[in-house]
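>>> I would like to see how this sequence folds:
(chains A and B)
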Protein chains: 2
Amino acid sequence: MCQLLGMNCNVPTDICFSFTGFQARGGATDVHSDGWGIAFFEGRGTRVFLDPQPSCLSPVAELVRRYPIHSKNVIAHIRKATQGATGLENTHPFMRELWGRYWIFAHNGNLLEFAPELDGGYLPVGQTDSERAFCWLLQELRRRFGGTAPAAAALFAAVHELTLAVASHGEFNFLLSNGDWLFAHASTKLSFVVRQAPFAQAHLNDQDLTVDFTELTTPEDRVAVIATQPLTDNERWTEMPAGTLWWFAEGEPARTLTTRPGPARKTT
Amino acid sequence: MCQLLGMNCNVPTDICFSFTGFQARGGATDVHSDGWGIAFFEGRGTRVFLDPQPSCLSPVAELVRRYPIHSKNVIAHIRKATQGATGLENTHPFMRELWGRYWIFAHNGNLLEFAPELDGGYLPVGQTDSERAFCWLLQELRRRFGGTAPAAAALFAAVHELTLAVASHGEFNFLLSNGDWLFAHASTKLSFVVRQAPFAQAHLNDQDLTVDFTELTTPEDRVAVIATQPLTDNERWTEMPAGTLWWFAEGEPARTLTTRPGPARKTT
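Residues are numbered from 1 along each chain as shown, chains lettered A, B, ... in the order given. Coordinates of the predicted model:
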């Protein structure tokens, strides 16, 4: 199984601290050594750094850890291969364009007998169930809404419906962003923390490193960090219940919908 | 105006030496300081490194220069903005997916009154004429060939026709690759060199740096390097005539077609 890391903020923020702990899980403190990747939105643009090497050995990861890229939405992934060989084309996150915006997707889980019909608008380049699910999601969104992006609320409702269909095939924890918001699906395992004033110190689980956010922030800053497992041992992480889809915007949860079997209902 | 750099090889090769000279043109030995980018194909996968900073100051460029990524097809670009602000979304090369393969495109030139009808299959994220041309090219290729990739020769012929249409709007030097081949259009200015046995030493134009390819190669290796201006001062570069489209495969030119006004004719 893989590990996911996401960040959604109200002002562009660097992820160096959180990434330091996350990076260690790629072969050092954990077994996720089949490649890694991270995508940063900067305005409408994106930068995607991918490496099929374990992140704890990767010179690209070392660059990301040291070079502060300021972003409102970040998605990172460390891979433990389930479907598809270790290789660059199977390394998450994946990127496609829809409605003149880049979309970024990373998945943790395993989908069985998931072979949806793809019309050619989006086709997987690699062999993973994850990229197949991403292509199908975008295809179905374009089918529903045509050539124009809907409002985020309508999009969230549509992604919820599509998530129900995919999640019936197996574990489908994912992070999805177009740069404006970040959607997170806790199929089995995902947690988040919101950092906001009054800021404090945070200490990593995976390395003996502490950061004092009071020195790095302004009182208006707000940052949501989402991860498969909590990254720090002295902050209050919220475990996202299995079967919930979350919409993060401006550094906090905006809406949640359940994806447990049965009729969809609003939980918050 | 921008600068282009491409590499097409018969075995995966690193571009560290050529990139060292090219990187210096991004604000040090030349004026192309509005960002830069480089894309590497590794099998079906791609890695795209982008930075809106001048390449001579960019920590990402420093990583690329020092970290040997082995690739059969590489496209790099240093930007001097003509259309579209300096920003990540306007930084070349651009990437999209067609027929389950990634396509990479970079452009040097300026297209005037180029506003083709886009059906939504590919839409620009930024504001450049370049990305618009790339989206239109892919849209038209999909319209012609439907859901299945044609053979490379048919593709080259189609790209030739589409290039004629775009080039009527202005300067349209470009590099295009899907990882199997590299197409290069010399609208006004482009040169190439083929490095093959017997290998020799090469000395950069832009920095006092020499490499001895005899120490780094096997007798079967063949590498074509394509650049807006020759990168070395002691190799035999071929200036590509204005108005020629080139198909590079396995490290050498495979075919050329003219794109000068008038009926298309085969030149080699």
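
>>> what does chain A put close to chain B?
Chain A has residues A:42-52, A:59-60, A:63, A:66-67, A:87-91, A:95-97, A:99-102, A:119-126, A:142, A:146-147 near chain B, with proximity defined as Cβ under 8 Å from any Cβ of the partner chain. Backbone N, C-alpha and C define where each C-beta goes, glycine included.

>>> just the buried ones from those?
A:42-52, A:60, A:63, A:67, A:87-91, A:95-97, A:99-102, A:121-126, A:142 (16 or more other Cβ atoms under 10 Å in any protein chain shown).

>>> for stretch A:231-241, buried residues please.
Of the residues in stretch A:231-241, A:231-232, A:235, A:237, A:240 count as buried by neighbour count, 16+ other Cβ under 10 Å.

>>> for stretch A:152-161, same thing?
A:152, A:155-160.

>>> which of those residues fall in strands?
Per DSSP state E, strands hold no members of the buried residues of stretch A:152-161.

>>> how about those in CSV, adding pLDDT and distance to residue A:217?
Output for the buried residues of stretch A:152-161, formatted as CSV (pLDDT from 0 to 100; distance: Cβ to Cβ, whole Å):
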residue, pLDDT, distance to residue A:217
A:152, 96, 26
A:155, 98, 30
A:156, 98, 28
A:157, 98, 33
A:158, 98, 35
A:159, 98, 31
A:160, 98, 33
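
>>> take those residues and keep only those in helices.
Taking DSSP state H as the definition of helices, these contribute A:152, A:155-160.

>>> so, low pLDDT: which residues of the stretch 1-150 of chain A?
Within the stretch 1-150 of chain A, the stretches with pLDDT under 70 are A:1, A:26-32.

>>> can you show me the helices along it?
If DSSP state H, counting those that start in this stretch is used as the criterion, the helices of the stretch 1-150 of chain A fall at A:16-24, A:59-66, A:129-145.

>>> check the offset of the longest one from the chain's centre.
For helix A:129-145, the distance from its own C-alpha centre to the chain's C-alpha centre is 16 Å (Cα atoms, centre = their mean, to the nearest Å).

>>> check which residues of stretch A:65-72 are buried.
Quick answer for stretch A:65-72 (16+ other Cβ under 10 Å): A:65, A:67, A:69, A:71-72.

>>> let me know the closest of those residues to chain B.
Nearest to chain B among the buried residues of stretch A:65-72, counting by Cβ to the nearest Cβ, is residue A:67 at 5.0 Å.

>>> contact partners for the closest one?
By Cβ atoms under 8 Å, 6 or more residues apart in numbering or on different chains, residue A:67 lies in contact with B:59-60.

>>> same question, the one 5 residues further on
Counting by Cβ under 8 Å, 6+ apart, residue A:72 makes contact with A:8-13, A:41, A:179.

>>> whichever of these end up buried, select them in ChimeraX.
The buried residues among these can be selected in ChimeraX (16+ other Cβ under 10 Å) with this line:
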select /A:8,9,10,13,41,179
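
>>> for residue A:80, the count of nearby residues, please.
17 (other Cβ atoms under 10 Å in any protein chain shown).

>>> what confidence value was assigned to the residue lying farthest from the centre of chain A?
Going by Cα atoms, centre = their mean, the residue of chain A most distant from its centre is residue A:215, 26.9 Å out. With respect to pLDDT, residue A:215 scores 83.

>>> how about low-confidence regions in the stretch 151-268 of chain A?
For the stretch 151-268 of chain A (pLDDT under 70), the answer is A:261-268.

>>> contacts only, for the residue in it positioned nearest to chain B.
Closest to chain B within the stretch 151-268 of chain A is residue A:179: 9.4 Å, counting by Cβ to the nearest Cβ. Applying Cβ under 8 Å, 6+ apart to residue A:179 gives the contacts A:41, A:43-44, A:46, A:72-73, A:101-102.

>>> show me what residue of the stretch 51-200 of chain A gets nearest to chain B.
residue A:88 (2.7 Å).

>>> for that residue, what are its contacts?
Taking Cβ under 8 Å, 6+ apart, we find residue A:88 in contact with A:35, A:50, A:52, B:42-47.

>>> measure it to residue A:108 for me?
19 Å (Cβ to Cβ, to the nearest Å).

>>> one more: residue A:45?
Using Cβ to Cβ, residue A:45 is found at 26 Å from residue A:108.

>>> and for residue A:244?
15 Å.

>>> which of those two has more neighbours?
Using other Cβ under 10 Å as the criterion, residue A:244 and residue A:108 rank with residue A:108 on top: 27 against 19.

>>> need the contact list for residue A:45.
Counting by Cβ under 8 Å, 6+ apart, residue A:45 has contacts A:102, B:50, B:52, B:87-91, B:125-126.

>>> for the stretch 51-200 of chain A, what spans make up the strands?
In order along the chain, the stretch 51-200 of chain A carries the following strands (DSSP state E, counting those that start in this stretch): A:71-78, A:94-98, A:101-111, A:170-177, A:182-186, A:191-196.

>>> among the ones you listed, show me which one is buried the most.
strand A:71-78 (a mean of 28; mean count of other Cβ atoms under 10 Å in any protein chain shown).

>>> partners of that strand in the sheet?
strand A:3-13 (antiparallel), strand A:36-42 (antiparallel) (DSSP bridges).

>>> okay, the angle between the longest one and strand A:191-196?
To tie it back to what came earlier, the one meant is strand A:3-13. 10 degrees (axes from the mean of the first three to the mean of the last three Cα atoms, to 10 degrees).

>>> one step back: turn the buried residues of stretch A:65-72 into a markdown table, columns for distance to residue A:257.
Shown next, in a markdown table, are these (distance: Cβ to Cβ, whole Å):
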| residue | distance to residue A:257 |
| --- | --- |
| A:65 | 34 |
| A:67 | 36 |
| A:69 | 31 |
| A:71 | 26 |
| A:72 | 23 |
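
>>> closest to residue B:18 out of those?
Among the buried residues of stretch A:65-72, residue A:67 lies closest to residue B:18 (Cβ to Cβ), at 23.6 Å.

>>> quick one: the closest one from residue A:33, how far?
Distance from residue A:67 to residue A:33, by Cβ to Cβ: 23 Å.

>>> swap in residue A:163?
With Cβ to Cβ as the criterion, residue A:163 and residue A:33 are 28 Å apart.

>>> comparing the two, which shows the higher neighbour count?
Applying other Cβ under 10 Å to residue A:163 and residue A:33 shows that residue A:163 carries more neighbours, namely 23 against 20.

>>> list the contacts for the more buried one?
Applying Cβ under 8 Å, 6+ apart, we find residue A:163 in contact with A:172, A:174, A:185, A:245, A:259.

>>> residue A:190 too?
Counted by Cβ under 8 Å, 6+ apart, residue A:190 has contacts A:4, A:173, A:184, A:226-228, A:239-240.

>>> equivalent analysis for residue A:3, please.
A:22, A:25, A:30, A:32, A:77-78, A:108, A:227-229.

>>> filter those down to the buried ones, ChimeraX style.
Selection command for ChimeraX covering only the buried members of those, criterion 16+ other Cβ under 10 Å:
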select /A:22,25,30,32,77,78,108,227,228,229
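
>>> let me see the contact set for residue A:46.
With Cβ under 8 Å, 6+ apart, residue A:46 has these contacts: A:39-40, A:95, A:102, A:104, A:179, B:88.

>>> what is the spatially most central residue of chain A paired to in the beta sheet?
By Cα atoms, centre = their mean, chain A has its centre lying nearest to residue A:175, at 3.0 Å. On the basis of DSSP bridges, residue A:175 is bridged to residue A:106, residue A:184.

>>> burial count for residue A:212?
11.

>>> the stretch 151-268 of chain A: helices as residue ranges?
A:152-167.

>>> since we're on the closest residue to residue A:255 other than its chain neighbours, how many residues are nearby?
Of all residues not flanking residue A:255 in the chain, residue A:247 sits nearest, at 4.5 Å (Cβ to Cβ, 6 or more residues apart in numbering or on different chains). A count of neighbours around residue A:247, defined by other Cβ under 10 Å, yields 21.
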